[in-house]
Every structure is written in structure tokens, then in C-alpha cells.
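Novice: Here's my sequence, what's the structure:
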Amino acid sequence: MSTQMAFPDRPGSDDPEPEFTRLPDLASRLLGSGVVWANDELFAERENLIKPEEPSYSTYTFGHKGQVYDGWETRRRREPGHDWALVRLGVPGVVRGVVVDTAFFKGNYPPEISVEGTAMDGHPSPDELNAAEWTPLVPRSPAKGHYRNAYAVTAAERMTHVRLNQYPDGGVARLRVHGDVVPDPRYLTAGAVDLAALENGGAVVGCSNMFYSSPTNLISPGQARVMGEGWETSRRRDEGNDWVEFALAGPGVVRLAELDTRYFVGNAPGWASLRGRRGDTAEQHEILPRQRLQPDTLHRFVLPDGPEVTHVRLDVYPDGGMARVRLWGELSTEGRRSLALRWYNLLPAGQLSAVLAAAGITDTDAQSAVKAHPAGGWDDLPDALRNSLAG
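Specialist: Numbering: from 1, shown residues only. Here you go, the predicted structure:
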């Protein structure tokens, strides 16, 4: 189910953005997504849908097939039916909202759209995806031209792919699929992983300042290509310092920290430190004492053995910017178990046995746990049952 929401006509409007747009765009090319198939793309190629940059337009840029558009555009239909495109999400997750941006499509936009999702294990082909069962995320709904059409989504299932349908034809500049990352726990139990990485389920849960760019960039995949792909604060004029706090993929021990100031030359922090905490406790312990940083440099710090943590706070002194933060370590036994049960109700059936086995939980025990507490959250289970499973 979905609810269409108000959204600014174009960038620069004073209208507030929907809250879900603060969540990561699971369909962004920056996260490794791809448009794997479309039934038609005669006027403009489907891959434009997931470009991270805003759509652009140049007047009188005609090719053999007409005006060149920065989006996906199909031919005019002369028979019944509709057009659609299949998008592989860069990271799987629960979709909280969708933006169908028809920027610069004014006389050739689709009057109606819908969006569906599916979860498939492995690397399905276009034929397998077209034959899959799809869950409605956004029902067939009106869309406007040259507009960011935003729709809140209430479906709670984990998705790996989405299908954008346009009725009957036309052009869409960008598709944004905002949501919560839900990784495959099997990939997090095979050894050392980046516990803070967005693709592994890490998230930004607090930040002192994000004047120039989002702190979520710090835990995004790959290397920053320019300064604007990192996190940068405004200049401080007081005695304080800026900070970001990350929720890790699960409880674990951080062994190696990477603090990357690449492309930050005159605005890198002078120093940085890391502190960790567990759960909702206010008590923090030092992971990395205050260290001097250099501009435009990848810094690596081997960390001493420390306690298990669920959150890590990065403090920078006094302000500035950073490209990436990597916190390498291993999930604890509890971390592996909590992930398995946390996503039990969301994972495709074909993944469940492997996920539970990797966490040391039998399928029978997990089914009993979920039956006893439908929320399926490890921390929410009754103490006796949780202790039994942990035994």
C-alpha cells in the first residue's frame, strides 16, 4: 500500500520533503543497482532511471529519434498495454517510499504509474524476474509531468528488485527507492566485515552538522570521487566539535578503523577519535583515542581488543569533512543470532535454512521463537526462550 505525498515541484521550492527521502536510495547506481530490463526504451535508455545526479536538460539536442532526454522514455503506444522496467536494488531492503521524478517530461510523461517489489535469492535473469510474484508497493496512481511524484509505502517485506510500471507509456527521469537496508546475514557471518557499512545494515543515527552533505555518504560503498560525495560540516565559531554516530550492522568488536579524508584538502578535520557503546546505555568507552589527521589521506588504525559494541561515535575536531569511514570487525555470537532472527520474517524461504545454520539456530527453534513472539526480534523474545536459543 502507499499514500501519495506532497513534494516540491522542482528543487528550490520551500515545501518540505517527505520524511522517507532522508533514508538511503536503495536503487541508486552508487549502491550498485542496475536496470536489468525494460520492454521498450526507443527514445531514451532505461539506465538513466538510477543515475545519482539530478536530471538535466539541454534545449535543441536532437538525435535521430528526437530530443535527447535524461531519463527513460518509450515510444507512443498504438495498442493496449503498458510499459515497465525492472530494477535490481543495489542493496536489498524494506521500501519506505518511492519518488517517480518526471523532470522535463511535460507533454510525454505517464499519467499513471505503479511500483511493485519482489525478493529473489541469487542473481535472477530478466526472464526469471518477469515470471516472479510481485508485491504492490505503490498501487496504480496519478502522476504529474515535470514533477517529483512522491509516494509513501507501507509494505513491510524485504525486497531485492522493483518493477516500475507506467500507464500507458511515456518518460520518467529518475526512480528513487528510499528505505531501510536489510542485508543477507549469510554475508555478514563469513569473516571480518565493515560493521558500519550501509550495504551491511549500518546506519547513521545522529549527527551534529550536515550543512554541506549527508553523513550517510561516510558509510556508502566505494571510494568518494569528489569532495561532495563525503560528509562536510559548516565552519564552527565556538569551542565545540562535530560528530556522527553509527549503528553497526549488529553487535560486534571493531578491529580496524579507516578514516579517509580524501579530497578534503583545506577543510579536513585536524583530529578525530572513536567511542563505542552497547544498546541504549549512555556509557561509552574509547575505541580510538584522539589522533591527528592529515588532509587528503586514508588513515588506518589497528585497534586494541575491546568490548562488544552496537554503536560507534566519530568525533572530529573542530569541524571539517571526511570522505569515508570503515569499521572492520566481526559480529559476535549474539550479533549473528540477532541478525538471523531480526530478519527471519523478511528473508525469502530459500535463504532461511542457510541463514539460521550460520547463526547456529535450527529452523525448528526459530519457528518456535517467531510463533511465541511474532515481531521476531531477538531482543524482544522472552528471557527464557532467548536463553534457550542462545544455549
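Novice: In the stretch 1-150 of the chain, mark out all the strands, start to finish.
Specialist: 2-5, 34-38, 62-63, 66-67, 72-73, 83-101, 112-118, 135-142, 148-153 (DSSP state E, counting those that start in this stretch).
Novice: Any chance of the ones you listed in a markdown table with mean neighbour count, distance to residue 161 and mean pLDDT as columns?
Specialist: (C-beta placed from N, C-alpha, C; glycine too.) Shown next, in a markdown table, are those (neighbours: other Cβ atoms under 10 Å; distance: least, Cβ to Cβ, whole Å; pLDDT from 0 to 100):
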| stretch | mean neighbour count | distance to residue 161 | mean pLDDT |
| --- | --- | --- | --- |
| strand 2-5 | 16 | 17 | 56 |
| strand 34-38 | 18 | 8 | 96 |
| strand 62-63 | 10 | 30 | 72 |
| strand 66-67 | 14 | 30 | 72 |
| strand 72-73 | 28 | 16 | 96 |
| strand 83-101 | 24 | 5 | 96 |
| strand 112-118 | 22 | 5 | 98 |
| strand 135-142 | 17 | 11 | 98 |
| strand 148-153 | 22 | 15 | 96 |
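Novice: so which of these comes closest to residue 272?
Specialist: strand 83-101 (26.7 Å; Cβ to Cβ).
Novice: end to end, how far does stretch 125-135 reach?
Specialist: 18 Å (Cα to Cα, to the nearest Å).
Novice: which parts of that stretch are buried?
Specialist: 129, 132, 134 (16 or more other Cβ atoms under 10 Å).
Novice: Looking at the strands of the stretch 1-150 of the chain, spot the one closest to residue 315.
Specialist: The closest of the strands of the stretch 1-150 of the chain to residue 315 is strand 83-101. By Cβ to Cβ, the value is 27.5 Å.
Novice: Tell me the helices and strands packed up against that closest one.
Specialist: In terms of contacts (3 or more Cβ pairs under 8 Å, 6 or more residues apart in numbering; DSSP states H and E), strand 83-101 is packed against strand 34-38, strand 112-118, helix 126-130, strand 135-142, strand 148-153, strand 158-167, strand 174-181.
Novice: Relative to residue 129, how far out is residue 161?
Specialist: 6 Å (Cβ to Cβ, to the nearest Å).
Novice: between the two, what contacts are shared?
Specialist: 36, 86, 118, 120 (Cβ atoms under 8 Å, 6 or more residues apart in numbering).
Novice: Output those in a markdown table, with distance to residue 322 appended to each entry.
Specialist: A markdown table is the format used below for the shared contacts of residue 161 and residue 129 (distance: Cβ to Cβ, whole Å):
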| residue | distance to residue 322 |
| --- | --- |
| 36 | 34 |
| 86 | 36 |
| 118 | 37 |
| 120 | 36 |
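Novice: need the buried residues of stretch 125-135 in CSV with pLDDT and distance to residue 73, can you?
Specialist: As requested, those are exported to CSV (pLDDT from 0 to 100; distance: Cβ to Cβ, whole Å):
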residue, pLDDT, distance to residue 73
129, 97, 22
132, 95, 25
134, 97, 23
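Novice: possible to save those residues as CSV with distance to residue 298?
Specialist: Shown next, in CSV, are these (distance: Cβ to Cβ, whole Å):
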residue, distance to residue 298
129, 38
132, 41
134, 42
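Novice: Which member of those residues is positioned nearest residue 19?
Specialist: Closest to residue 19, out of all of the buried residues of stretch 125-135 and judged by Cβ to Cβ, is residue 134, at 25.9 Å.
Novice: returning to that earlier point: save the helices and strands packed on strand 83-101 as TSV, and put in distance to residue 26 too.
Specialist: Output for these, formatted as TSV (distance: least, Cβ to Cβ, whole Å):
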stretch	distance to residue 26
strand 34-38	12
strand 112-118	10
helix 126-130	16
strand 135-142	12
strand 148-153	12
strand 158-167	8
strand 174-181	5
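Novice: Nearest approach to residue 303 belongs to which of these?
Specialist: strand 174-181 (24.6 Å).
Novice: what is the mean pLDDT for the closest one?
Specialist: Per-region confidence: strand 174-181 scores 96 on mean pLDDT.
Novice: Run the angle between it and strand 83-101 for me.
Specialist: 80 degrees (axes from the mean of the first three to the mean of the last three Cα atoms, to 10 degrees).
Novice: buried sites along strand 174-181?
Specialist: Neighbour-count burial for strand 174-181 [16+ other Cβ under 10 Å]: 174, 175, 176, 177, 178, 179, 181.
Novice: In these, find the pair that's most separated.
Specialist: Longest span within those, Cβ to Cβ: 174 and 181, 20.0 Å.
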